[in-house]
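>>> quick one, what's the 3D model for this:
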Amino acid sequence: MPSLQEARIAPARRVAGRLSVPGDKSISHRYALLAALAEGVSRLTNYSPGADCASTLDCLRRLGVHIEHDPAAHTVVVHGRGLGRLAAPDLPLDAGNSGTTTRLLAGIVAAHPFTSTITGDESLRRRPMGRIIDPLTRMGARIESADGRCPLRITGTRLSPIDYATPVPSAQVKSAILLAGLHADGWTTVREPAPTRNHTELALAAFGATIDCAETTVRVKGGTPLHAVDAAIPGDLSSATFWAVAAAALPGSDIEITDLGLNPSRTALLDVLERAGAVVERHLDGYQLGEPVGRVRVRHNGLQPLRLTAADVPALIDELPALAAMAAIGGDLHVTGAAELRVKESDRISALAAGLRALGVDIDEFPDGFHARGGRRLRGAVVDAAHDHRLAMAFAIAALAAEGPTTILGADVVSVSYPGFFEQLAALTRED
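Residues are numbered from 1 along each chain as shown. Sure, this is the predicted structure:
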């Protein structure tokens, strides 16, 4: 395979095999951040190997946290400093490409009595941060920004609790407020218009926070000391999504993914695959710090049209590019209510449509979604990942059904979340 600045994808008849995927990206961020605020030494295994989660560790080091990281073994040891005891950084906190690092870390440094600057790469500096600036400012922090974007210059203080209704469903906004609320006097409440992934709530409980959860409302009591944990991080369902949709789309495919996180706030993808016609088997093997872990097997059984609306999108926002790739191979996917895709690592609607169109897919673009129609014969092409890891992987899956090889430009961006993606793809499409 050529340099991963570009990747060449050969057509494949099917995907088949048994595998595990990297540790969950969302959980890895949260455990590292809470471990830094805890008292004692936390040991995290199967920590995500992606660049985003490494950015969280780098930022914590700049805040005085002693961290031992063995990337080869995917283990991280965090020596916690306790609530409110991070040190003032001597340089800006570089979050790289990670919006999660930026938003969650902002909630933490907002509660510390020093000034810090959070910045990142060009892509991150285009992403809106107003949704965290507003609540954190209401709690007492002073935040200067570049028109609501990074770099964020945050002057922290002793925060006041808040009762806040988020304007849109966002697990990152919710988490930023809850992490700030850990340091406030009294109860901080977040109310969401729809449920979002609950990894932060489960992690807070595991680390000993005082927390109260309902379906769309969560409260945390500030001032409760956190304790260290030993945690095995389950496999990332968002990473597993690409193998699952490939198995659903390509005739004769059969994939089993083990040691996988099966948090109900993340498994809407599996429900959608069943609606599309795939055979999906789930097996719960146990729990890790409240997170369900198990196995999923996906087999091809034809594809039915799918229509996803604003009610579906919050639980599927990261999986929509992969679902579009599935539809490109032979299904039909109509998505609305997903304007949030335009402010991800790329404008995921326009960049997704451009890449799939180059492969021969019939796709319409809407302000808040798209309509991808399968059935056309796909052709090999040169497509641009647009500096977006999920698009690079989605294009690779769609390219499996093309008549000739496809070249993905900027393919090395997969290192953000799944550094071994292309090697795994080669293993699963190899014919014995």
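>>> surely I349 and R342 touch.
Yes - I349 is in contact with R342 according to CB atoms under 8 Å; the separation is 5.6 Å. (Each C-beta comes from the backbone N, C-alpha and C, glycine too.)
>>> between those two, tell me which one has more neighbours.
More crowded of I349 and R342, by other CB atoms under 10 Å: I349, with 25 against 14.
>>> just give the closest residue to that one, not the sequence neighbours.
Distances taken as CB to CB, 6 or more residues apart in numbering put L341 closest to I349, at 5.0 Å, once the chain neighbours are dropped.
>>> quick one: that neighbour and G331, what's the gap?
Using CB to CB, to the nearest Å, L341 is found at 19 Å from G331.
>>> kindly report the same for L152.
From L152 across to G331, the span is 41 Å (CB to CB).
>>> look at these two and report which has more neighbours.
Ranked by neighbour count (other CB under 10 Å), L152 and G331 place L152 first, with 28 against 24.
>>> in the stretch 51-200 of the chain, which spans are helices?
Here the stretch 51-200 of the chain has its helices, by DSSP state H, counting those that start in this stretch, at 51-62, 99-109, 130-139, 171-181, 199-206.
>>> nearest approach to E39 belongs to which of the ones you listed?
Of all those, helix 199-206 sits nearest to E39, with 14.4 Å by CB to CB.
>>> what pLDDT, on average, does the helix or strand following that closest one get?
Downstream of helix 199-206, the first helix or strand assigned by DSSP states H and E is strand 210-213. Average pLDDT, strand 210-213: 97.
>>> now stretch 242-256
Averaged over stretch 242-256, pLDDT sits at 98.
>>> so which residues make contact with that stretch?
Outside stretch 242-256, the residues within contact range by CB atoms under 8 Å, 6 or more residues apart in numbering are 12-19, 21, 257, 269-270, 273, 276-278, 280, 295-300, 303, 322-323, 325-326, 329-331, 393-394, 396-397, 400-401, 421, 424, 428.
>>> so which bits of stretch 23-39 are buried?
Using 16 or more other CB atoms under 10 Å as the test for burial, stretch 23-39 gives 23-38.
>>> between these, which is closest to L91?
A36 (17.5 Å).
>>> I'd like to know how far H183 sits from T224.
If you measure H183 against T224 using CB to CB, the figure is 10 Å.
>>> the more surrounded of the two?
The neighbour comparison of H183 against T224 (other CB under 10 Å) goes to H183, with 23 against 15.
>>> apart from its neighbours in sequence, what residue is nearest the more buried one?
Leaving aside its chain neighbours, H183 sits nearest to A111 (3.4 Å; criterion: CB to CB, 6+ apart).
>>> wait, the one you found sits on A180?
Yes - when contacts are counted by CB under 8 Å, A111 is listed as touching A180 (5.5 Å).
>>> any common contacting residues for these two?
Counting by CB under 8 Å, 6+ apart, the shared contacts of A111 and A180 are 141, 159.
>>> ok, the two, which is more surrounded?
Between A111 and A180, counted using other CB under 10 Å, A180 has the larger neighbour count: 29 against 26.
>>> pretty sure the more buried one sits against G107.
Yes - judged on CB under 8 Å, A180 makes contact with G107 at a distance of 4.0 Å.
>>> find residues that contact each of these two.
When contacts are counted by CB under 8 Å, 6+ apart, A180 and G107 are jointly contacted by L136.
>>> wait, a strand at G40?
Yes - counting by DSSP: H, G, I helix; E, B strand; the rest coil, G40 is part of a strand.
>>> who does it bridge with?
Per DSSP bridges, the residues bridged to G40 are G80.
>>> contacting residues around it?
80, 227-228.
>>> any of these buried? List them.
Counted by 16+ other CB under 10 Å, these give 80, 228 as buried.
>>> how about a markdown table for the contacts of G40, with distance to R61 and pLDDT added?
Formatted as a markdown table, these follow (distance: CB to CB, whole Å; pLDDT from 0 to 100):
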| residue | distance to R61 | pLDDT |
| --- | --- | --- |
| G80 | 13 | 98 |
| H227 | 22 | 98 |
| A228 | 18 | 98 |
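>>> which ones among the buried residues of stretch 23-39 lie within strands?
Among those, no member falls in strands (DSSP state E).
>>> what's the closest of those to P49?
When the buried residues of stretch 23-39 are ranked by distance to P49 (CB to CB), G23 comes first, at 7.5 Å.
>>> let me know the pLDDT of the residue nearest to H183.
You'll see A111 listed with a pLDDT of 98.
>>> use 16 as the first number from now on
Done: numbering now begins at 16, and the last item shifts to A126.
>>> tell me the spacing between it and L151.
9 Å.
>>> intersection of neighbour lists for the two?
Contacts common to A126 and L151, judged by CB under 8 Å, 6+ apart, are A195.
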